[in-house]
Every structure is written in structure tokens, then in C-alpha cells.
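Undergrad: Next one to model:
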Amino acid sequence: MSTRHRQTRVYEPPRALRPKPEFVRPESVPDDALSSVFTVKAEHTGHRLDRWLSLELSRLTRSRAQRIVEDWAFDDRGRQLRPSHRVREGEVIVVFRPRWEEPEAPRNVTVLFADAAMVAVDKPAGLPVHPTARYHQNTLTSVLGERFPNERVTLAHRLDRETSGVLLAARTLAAERTLKAAFAGRDVHKTYLALVHGEVERDTFDVDAPMCLEGGEVSVKMCVRPESDGGLASFTRIEVIERLAGFTLVAAHPETGRQHQIRVHLAHSGHPIVGDKLYAHGDEVFLRCLDGPPDDETAALLHLPRHALHAHAISFAHPVTGESMRVVAPLPDDMRAFCTAHARSGAARPE
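TA: Model (predicted):
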């Protein structure tokens, strides 16, 4: 029953427990086409359909979203929708796509800690966390489903596909609620390691720079913007771990949790992350890399095929016992090899 015109709030079960909306499959859609079902959120009411899809599938540019919508977007009754269609809260939209050969992704996920309530894993770079327009089976959620069959294992937070390192997941509903509340309340402390361009002069420094979506062609891109102009408070502490020849290995301690915060703050400080297609070299490089591996010139510019950001350690209270815990993922091989290749001194590196 709709509650749109009522003032009282009703209990809404976690998204993973809600039944998926039913829909009519159009006759024009191939039988083996995959489907993604979305329910429009209140804050997206009034958006054009192509703009809305680029927000839901954040790696899509507006133009790519428009091309998908022109052929593959339908309502729950099986009626095809136009890119100019204005979405409304609660509307069910189904996006079909022909079955494709899914890109390969590393599935060597190391379990760092596990008990009856939760599990902590070391996600390899290149493995998406959730299904996307390109990835379906090669995702961390799929790997966890295989590792813990007949269980409801739910991630408590997320990392970008190219970011490696520690992720926490819950094995019970109570643990999920507790962990997510801890993240929301900033009671979880994270340390990232990043390789950045340039030799950072200061041993430690803070980046206090409000952020928000930039609003350009790349819908997912964030930028630094004053709070008076819509920016949200964002704060990161940076410390130098090792100075290399032309690069620096740094630790980043975010005290807020904005999208792409560390990547944006390091770029804002004049030291963008090595391999960062979005924030180190401009939109053109990012757009060139969307449809496949970079060409030789772009690869040389990037130095690494992924952005060199690693979720190294996470400190939190156990969701059941309350015990203080710290889980560490060692520096991955690609970042370690880069440090060795560009070494300037024999300084110790984090394990």
C-alpha cells in the first residue's frame, strides 16, 4: 500500500531482503538477454531517463546511457521508454542487455578474518564489488556467494573496482546493521596506501577540502568546491611512507567518507595517484579508457593499468563482542614492484 500521502513512516526491510519487482518481458527482447531492475529513488524524480541511468550506473557517460536507453529500457509493463522520459519516485524501470562475454577479473580473494558474525577479505584490484553493466559473475559478491554457500553475506561498505584491500562483510542481519551503523557514525578508522606523482616535501599534511559531484560529462566525477557552493565537508590526513624517484608512497587517513575522497584530495594537493584515469590526466584519458585497454601512449602516461590505491588497514569494534579489531591487507604485488622499480632509498615499506 502506498504511503506517499501519509505522514507516518513504515518499516522498510533492508534492500537485500525486499522482493524484486515483477515485470513483463517484451517480445522484442531476446530470451537470453540479461535484465537489471531498478526502482526510482525520490531524489531522482524528474530526471530524464538517460540522465537517471547514468546516475544509477555511474561509470556510464550521459551519451552511452542515451544509446542504451534508445534500445533497451522498458517499464514494468514491457513498454519501451524514450531517453526523454521523466522518471518518478517508485517507478520500476527494466534495462535489458544482450548476453555478452564478461570481461575477466581476478577472483583470488583472500579471507583475512572470519567468524560466525562477519568476514574480512582482501579484494584484488580489478574485481568489481557488485554487478555492473559489464560484470555479472566476476564480482566480489559472487565470489563470497561461492565461498559461503547458503548464507546471506552482505558487504558493509565498498571499494572501487581498481582499488585493492580490506573489505568487511556481515554474515548475519544483526552484524550487518551494526557494521553499517559504525561506518555511518564514523566509528571505523581506515588507512589507505597510495602511490602518487611527485616527491612529496612535507612528512605529514592535512587536506581539508569540501567536495561534491562536478556535474560534467563524466557523471561520476567529484571535485573540490566550497561549502557555500554545494561542497560537503571532507577531510583527509596524509603522511609520507617512502619517497621514490619521482613518486611517493603515502598513507591516507580519511576522516570523512566522500566518494573518491582520497583520489580527489591527493590530486587537489598536486600529487594525483599513479594510474588514476579520472583525476590525474583529465577527462579525455578517462573517456578513452572506457571501452577497452588504453593504447600504448596512454598506458605510458598512466604507468600502471589501475589507480595505485590500496585499503591497507581498518580498525573497528567487532559487531557482536565489541572487541577492538584491526585487519591489515599487505601491500599488493603491483604496488610493491613499482616501489622497487623506482626506489631511491632503502626505507622500510609497510607489509
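
Undergrad: Flag the shaky bits of the stretch 151-300 of the chain, pLDDT-wise.
TA: 291-292 (pLDDT under 70).

Undergrad: now the strands: where do they sit in it?
TA: Secondary structure of the stretch 151-300 of the chain by DSSP state E, counting those that start in this stretch: the strands cover 154-155, 164-170, 189-197, 204-208, 211-213, 222-224, 235-243, 247-254.

Undergrad: per the record, what domains does this protein have?
TA: 33-97, 110-341 (automatic domain parsing).

Undergrad: re earlier: ok, which of the strands of the stretch 151-300 of the chain comes nearest Ala182?
TA: Smallest distance to Ala182 across the strands of the stretch 151-300 of the chain (Cβ to Cβ): 9.3 Å, for strand 164-170. Where C-beta positions appear, they are placed from N, C-alpha and C, glycine not excepted.

Undergrad: returning to that earlier point: okay, the strands of the stretch 151-300 of the chain in TSV with mean neighbour count and distance to Val274 next?
TA: Compiled in TSV, these are given as follows (neighbours: other Cβ atoms under 10 Å; distance: least, Cβ to Cβ, whole Å):
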stretch	mean neighbour count	distance to Val274
strand 154-155	22	27
strand 164-170	24	14
strand 189-197	23	4
strand 204-208	14	18
strand 211-213	19	21
strand 222-224	19	19
strand 235-243	19	13
strand 247-254	22	6
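
Undergrad: I'd like those strands written out as JSON lines, with distance to Ala117 added.
TA: Output for these, formatted as JSON lines (distance: least, Cβ to Cβ, whole Å):
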{"stretch": "strand 154-155", "distance to Ala117": "12"}
{"stretch": "strand 164-170", "distance to Ala117": "7"}
{"stretch": "strand 189-197", "distance to Ala117": "20"}
{"stretch": "strand 204-208", "distance to Ala117": "35"}
{"stretch": "strand 211-213", "distance to Ala117": "33"}
{"stretch": "strand 222-224", "distance to Ala117": "33"}
{"stretch": "strand 235-243", "distance to Ala117": "30"}
{"stretch": "strand 247-254", "distance to Ala117": "25"}
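
Undergrad: quick one: which of those strands is nearest Arg344?
TA: strand 235-243 (6.0 Å).

Undergrad: between the closest one and strand 189-197, what angle do the directions make?
TA: Inter-element angle recorded for strand 235-243 and strand 189-197: 50 degrees (by axes from the mean of the first three to the mean of the last three Cα atoms, to 10 degrees).

Undergrad: and strand 235-243, which strands flank it?
TA: strand 204-208 (antiparallel), strand 247-254 (antiparallel) (DSSP bridges).

Undergrad: Pipe those strands into a markdown table and attach distance to Glu56 per row.
TA: Shown next, in a markdown table, are those (distance: least, Cβ to Cβ, whole Å):
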| stretch | distance to Glu56 |
| --- | --- |
| strand 204-208 | 30 |
| strand 247-254 | 25 |
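
Undergrad: So Gly46: helix, strand or coil?
TA: Look at Gly46: counting by DSSP: H, G, I helix; E, B strand; the rest coil, its state is coil.

Undergrad: Pull the contacting residues for it.
TA: Residues near Gly46 by Cβ atoms under 8 Å, 6 or more residues apart in numbering: 86-88.

Undergrad: and if you look at Ala209?
TA: 224, 231, 234, 264-265, 268.

Undergrad: let's go with 7 Å and repeat that
TA: 224, 234, 265, 268 (Cβ atoms under 7 Å, 6 or more residues apart in numbering).

Undergrad: Neighbour-wise, give me the winner out of these.
TA: Of all these, His265 has the most neighbours under the rule other Cβ atoms under 10 Å, reaching 27 neighbours.

Undergrad: excluding its backbone neighbours, what's nearest that one?
TA: Setting aside the residues directly before and after it, His265 is nearest to Val207 in space (Cβ to Cβ, 6 or more residues apart in numbering), at 4.0 Å.

Undergrad: Show me the beta-bridge partners of the one you found.
TA: Taking DSSP bridges as the rule, Val207 bridges to Thr236.

Undergrad: you'd agree it is up against Ala233?
TA: No - assessed by Cβ atoms under 7 Å, Val207 is found out of contact with Ala233, at 11.9 Å.

Undergrad: Give me the phi and psi angles of Ala337.
TA: Here is the backbone geometry of Ala337 (degrees, to the nearest 10): phi -70, psi -40.

Undergrad: what about it, how many residues close to it?
TA: 12.

Undergrad: And it, how far from Gly275?
TA: With the distance defined as Cβ to Cβ, to the nearest Å, Ala337 ends up 13 Å from Gly275.

Undergrad: now do Glu239
TA: According to Cβ to Cβ, Glu239 and Gly275 sit 21 Å apart.

Undergrad: ditto for Gly90
TA: The value you get for Gly90 to Gly275, if Cβ to Cβ is used, is 40 Å.

Undergrad: The two - which one has more neighbours?
TA: Gly275 (23 against 13).

Undergrad: and that one, what does it touch?
TA: 302-308.

Undergrad: For the residue nearest to His265, give its distance to Glu22.
TA: According to Cβ to Cβ, Val207 stands 47 Å off from Glu22.
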